[in-house]
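K.L.:
Need the 3D shape of this:
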Amino acid sequence: MYAGAKALFYALSNSALLKRLASTYGMRSPGGFARRFIAGETIEEAIDAARSIQAQGLLLTLDYLGESVRTLEEAAAATREYGRLLEVIVVSGIERNISLKLTQLGAGVDRATCVDNLRRILEPARKHGFFVRIDMENSPWTQLTLDIFETLWQQEYRNIGIALQAALLRTEQDVRRMNELGARVRLVKGAYKEPPTVAYQYKADVDAAFIRLMRVLLDSGTYPALGTHDQTLLEATEKYAAKRGITKDRFEFQMLYGIRRDLQASLVKKGYRMRVYVPFGRKWFPYFMRRLGERPANLGFVIRAILKEE
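P.N.:
This is a model prediction of the structure:
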C-alpha cells in the first residue's frame with residue numbers, strides 16, 4: 001500500500017485534466033484547496049505566511065517551487081527569482097533560511113551551469129547570513145546532488161545543508177559521509193516512487209531505516225533536522241535524545257506547511273526547535289501531488305473543496 005499510493009499519485013501528477021482543475025481551483029483565494037499546503041504563488045504571499053509562522057514561535061524555511069527545468073533560460077530565470085527572494089527576505093526581517101532543488105537550477109541540462117547558478121545564490125546568501133538547504137529529488141539525481149553539494153562544500157561554502165531520504169537503501173553511507181564532513185543533514189522518509197532495487201517498499205522498513213539514521217545523526221551529526229509528521233517517529237526521537245543526554249538545542253524537528261499543525265505546536269510547547277517548510281510559487285502541482293501520495297487521507301479534503309467550488 002505504501003509504494004502503491006506513491007505510484008498512484010505520481011501517475012496522477014502527470015494528468016492533464018487534474019492540472020487544469022488545479023489551475024482553476026487550486027489557489028483560488030481564499031478557499032483554494034491547495035492553499036492548505038502551499039503558502040501562495042508569489043513571494044509576497046510567502047512572506048505573509050512566514051510572519052504568521054514566526055509569530056507562533058516556529059522556525060521556517062522558504063522554498064520557491066519548481067523542478068526539472070528543460071532549458072538554460074528557465075534555470076537562469078529560477079536563479080534570478082531566488083536572488084529576488086533573498087532580497088525580499090532581508091528587507092522583510094523574517095528568518096534567513098531557504099530550500100531549493102538542483103534540477104530547478106539546470107542540473108538536468110548542464111551540470112556546470114547548475115553549479116554556477118547555485119553559486120549565484122550562495123554568494124549573496126553567505127553575505128547576508130542565510131542558510132541554504134539543498135533538497136533531495138528522486139534517485140536518478142541522488143549522486144549528482146551529493147557531488148554538487150560536496151563541490152561547493154570544498155569551495156568553503158559552509159552555509160549549506162543537504163536533505164537525505166531514509167527510504168533509499170544507500171542513505172546510511174550518505175549520512176555517515178555528511179557527518180564526516182560536518183555538514184547539516186535534513187532526514188526525511190522520501191516522497192518519490194522508487195524501484196525496489198534502490199528503495200524500501202514498505203512503510204515499516206522505511207520507518208525502521210528512519211530510526212536507525214536518526215540515531216546516527218543525533219550521535220555524530222552536525223545539528224541534524226528530523227523531518228517527519230509521524231508521531232511514532234517523533235516520540236522515538238524524543239526518547240533517544242533524552243536517553244543519550246542530547247539537549248534540545250542540538251537538533252530540530254521539521255514539518256511541512258499545513259500538515260499536523262497540532263504536532264508542530266505541541267513540540268514548540270515542549271521546548272523543541274520546530275521548523276516549517278514553506279513552499280510557494282506557481283509551479284506547485286507536482287509538490288502538491290507528492291504530499292497527497294505521502295498521506296492519501298488528504299485527498300478527501302481536496303475532493304470536498306473541489307465539489308464545494310462546483
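K.L.:
Tell me which stretches of the stretch 101-250 of the chain form strands.
P.N.:
Ranges of strands in the stretch 101-250 of the chain, per DSSP state E, counting those that start in this stretch, are 131-134, 160-165, 184-188, 225-227.
K.L.:
which one of those strands lies closest to L256?
P.N.:
Ranking the strands of the stretch 101-250 of the chain by proximity to L256 (CB to CB) places strand 225-227 first, at 8.1 Å. Backbone N, C-alpha and C define where each C-beta goes, glycine included.
K.L.:
So what are the sheet partners of the closest one and their directions?
P.N.:
Take DSSP bridges as the rule and strand 225-227 pairs in its sheet with strand 184-188 (parallel), strand 252-256 (parallel).
K.L.:
Poorly predicted segments of the stretch 151-300 of the chain, please.
P.N.:
294-300 (pLDDT under 70).
K.L.:
Which positions in stretch 110-117 come out as buried?
P.N.:
Of all the residues in stretch 110-117, those buried under the rule 16 or more other CB atoms under 10 Å are T113, C114, V115, N117.
K.L.:
Distance to A50 for those - can I get that in JSON lines?
P.N.:
Rendered in JSON lines, the data for the buried residues of stretch 110-117 read as follows (distance: CB to CB, whole Å):
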{"residue": "T113", "distance to A50": "30"}
{"residue": "C114", "distance to A50": "27"}
{"residue": "V115", "distance to A50": "28"}
{"residue": "N117", "distance to A50": "24"}
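K.L.:
Going by distance to I43, which of these wins?
P.N.:
N117 (18.3 Å).
K.L.:
What separation do you get for that closest one and N159?
P.N.:
Distance, N117 to N159, using CB to CB, to the nearest Å: 16 Å.
K.L.:
returning to what we had before: what's the closest of the strands of the stretch 101-250 of the chain to A242?
P.N.:
A242 sits nearest to strand 225-227 of all these, at 14.2 Å, using CB to CB.
K.L.:
coming back round to it: can you put the strands paired with strand 225-227 in JSON lines and add mean neighbour count?
P.N.:
What follows is those, written out as JSON lines (neighbours: other CB atoms under 10 Å):
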{"stretch": "strand 184-188", "mean neighbour count": "24"}
{"stretch": "strand 252-256", "mean neighbour count": "22"}
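K.L.:
Looking at those, spot the one closest to A163.
P.N.:
For the strands paired with strand 225-227, the distance to A163 is smallest for strand 184-188, at 4.2 Å, taking CB to CB.
K.L.:
Let me see the residues that make contact with that closest one.
P.N.:
131, 133, 136, 161-166, 175, 178-179, 210, 213-214, 217, 221-228, 254 (CB atoms under 8 Å, 6 or more residues apart in numbering).
K.L.:
P224 touches L217, doesn't it?
P.N.:
Yes - using CB atoms under 8 Å, P224 is in contact with L217, at 3.8 Å.
K.L.:
Common neighbours of those two, please.
P.N.:
Here P224 and L217 have V185, L187, F251 as joint contacts, going by CB under 8 Å, 6+ apart.
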